[in-house]
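Q: Give me a model of this one.
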Amino acid sequence: MKLPRPARRRARIEIIPMIDAIFFLLVFFMYSSLSMVHVKGMGLALPRPAPQSVTPVVTDANKLVVTVTAEGVYQLNGVPTLPENLLSTLQQRAGAQPDMVVILNVAPARTTQDLIGVLDTVSHVTRPGGGPLPVLVATGAIDAQGRALLPGKE
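A: Reported below is the predicted structural model:
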């Protein structure tokens, strides 16, 4: 008995499974390349709310206003000073007045780098007991005594 042979079909190469495989490879290489990239950034310690007993009390006697004007002039309580002398002057004043609070006022025309530079300088100043000075950053315009100015009165 002779069995009939089925007709020979030509082999077909399906493209859809190949596209799926290529996409899987693409996704794999993308994820693996992203895991090899070292993200460059600056570590940041976000502020946490302080208990009421730790919050500094700001009075006219214990505050020191550090101002960077739009022209780049550094001032301590309205008196111009050189940026190089800022650290030593702050350290002397912190030694003389341990409960001092620094209010930082940077003109809006100055860059964020100026603000970070002054914050970095102030972070190196320590109280006689070794603790850091409390720093308040003025978000609005203030005068040399640290009082808020009304808009348009700068």
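
Q: Average pLDDT for the helix or strand where residue 31 lies, rounded please.
A: Assigned by DSSP states H and E, residue 31 falls within helix 16-36. For helix 16-36, mean pLDDT rounds to 89.

Q: now stretch 100-113
A: The pLDDT scores in stretch 100-113 average 86.

Q: buried residues in that stretch?
A: Across stretch 100-113, burial judged by 16 or more other CB atoms under 10 Å covers 100, 101, 102, 103, 104, 105, 106, 110. Placement of C-beta: from N, CA and C, glycine included.

Q: now, which of the residues you listed sits nearest residue 4?
A: Nearest to residue 4 among the buried residues of stretch 100-113 is residue 110, at 92.0 Å by CB to CB.

Q: And that closest one, how far from residue 89?
A: Distance, residue 110 to residue 89, by CB to CB, to the nearest Å: 20 Å.

Q: With residue 9 instead?
A: In terms of CB to CB, residue 9 sits 91 Å off from residue 89.

Q: The two: which is more packed in?
A: When residue 9 and residue 89 are compared on other CB atoms under 10 Å, the one with more neighbours turns out to be residue 89, at 17 against 6.

Q: my guess is that one contacts residue 75, does it?
A: No. Using CB atoms under 8 Å, residue 89 is not in contact with residue 75, being 11.2 Å away.
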